[in-house]
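S.K.: output the structure for:
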Amino acid sequence: ALSEEPVVLPFVDVAAEEWYGDAVATVYARGLMTGTAEDTFAPELAATRGMVVSILHRLAGSPTVSAEVFADVAADDWYGQAVAWAANEGIASGTSAETFSPNAAVTREQLAALLCNFAAQQGVDTTARSDLSCFDDAATVSDWAQDAVSWAHAEGLLAGTSATTLAPQGEATRAQLAAMLVRFSDYLENAA
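M.R.: Numbering: from 1, shown residues only. Model prediction:
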C-alpha cells in the first residue's frame, strides 16, 4: 500500500484548501508529478501531451526505449524516452505520422484515451462503459475517443465539468491531471 503521510509541499502556488490541494500533495508524494519549478506547481497551466506520457512512463517503471519515433521529439528531450515507449506500446499515437506535438495541451478526451490504453497495456480490463447521453455535449467526443471516454467516466476517472457538460475537447489543467492521476493510480492498485 502507498503510505499517505502528510506531505509538506514546496509549492507557493498550491493552497491546501484548494479543491486540488490534496491531489497535488498525493501525486507529488507518489512521485508522479513534480513542479514546473522548484517552488511552483502551476496548477492552472495546461497539461501537455509530453507531461502525461512522462507520468505514465514513470507509472510503468520507466522502461528504457531507444527508438526515436517522431520528428518533433528527440531521444534526449525530457519526455523523449516516454514518448518512444508510449508509441511503441500503443499507448499514445502521434498527432500526425511524423509528429507527436509534445508541448501541445492535452485534451480531456486525449487524456482518457491515454489512461485507457495504459490500463489495457498493464493487463487491466477496460471494458466498462458509461452512458454519456446525460451530457449535452456527448456528441462532441471524437469517434476515436468514444470508448475511452465512456470507460474513464464509468470508472470514475473522468467526471463532467458540470452535471450536463463533459467538455471532451477542453484542455486538462495540471490540477485536473493531478486529481485524475490520484484516482487512476488507486484504480490500478485495486484492479491488480
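S.K.: pull the longest helix from the protein.
M.R.: Under DSSP state H, the helix in the chain containing the largest number of residues is helix 174-191.
S.K.: can you map out the helices along the chain?
M.R.: Under the criterion DSSP H, helices of the chain are mapped to 21-29, 49-59, 80-88, 108-121, 146-154, 174-191.
S.K.: pull out the buried residues from the fourth one.
M.R.: To tie it back to what came earlier, the one meant is helix 108-121. Within helix 108-121, the residues that count as buried by 16 or more other Cβ atoms under 10 Å are 108-120. No exception for glycine: its C-beta is placed from N, CA and C like everyone else's.
S.K.: again with the last one
M.R.: Residues 174-185, 187 are the ones in helix 174-191 that count as buried (16+ other Cβ under 10 Å).
S.K.: for Thr107, which non-adjacent residue is closest in space?
M.R.: Distances taken as Cβ to Cβ, 6 or more residues apart in numbering put Gln169 closest to Thr107, at 5.4 Å, once the chain neighbours are dropped.
S.K.: is the one you found in contact with Ala112, as I believe?
M.R.: No: using Cβ atoms under 8 Å, Gln169 makes no contact with Ala112, being 11.8 Å away.
S.K.: got CSV for the buried residues of helix 108-121, with pLDDT too?
M.R.: CSV is the format used below for those (pLDDT from 0 to 100):
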residue, pLDDT
Arg108, 95
Glu109, 96
Gln110, 96
Leu111, 96
Ala112, 96
Ala113, 97
Leu114, 97
Leu115, 97
Cys116, 97
Asn117, 97
Phe118, 97
Ala119, 96
Ala120, 96
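S.K.: redo those residues as TSV? Include distance to Val69.
M.R.: Output for the buried residues of helix 108-121, formatted as TSV (distance: Cβ to Cβ, whole Å):
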residue	distance to Val69
Arg108	24
Glu109	22
Gln110	17
Leu111	20
Ala112	22
Ala113	17
Leu114	16
Leu115	20
Cys116	20
Asn117	15
Phe118	17
Ala119	22
Ala120	20
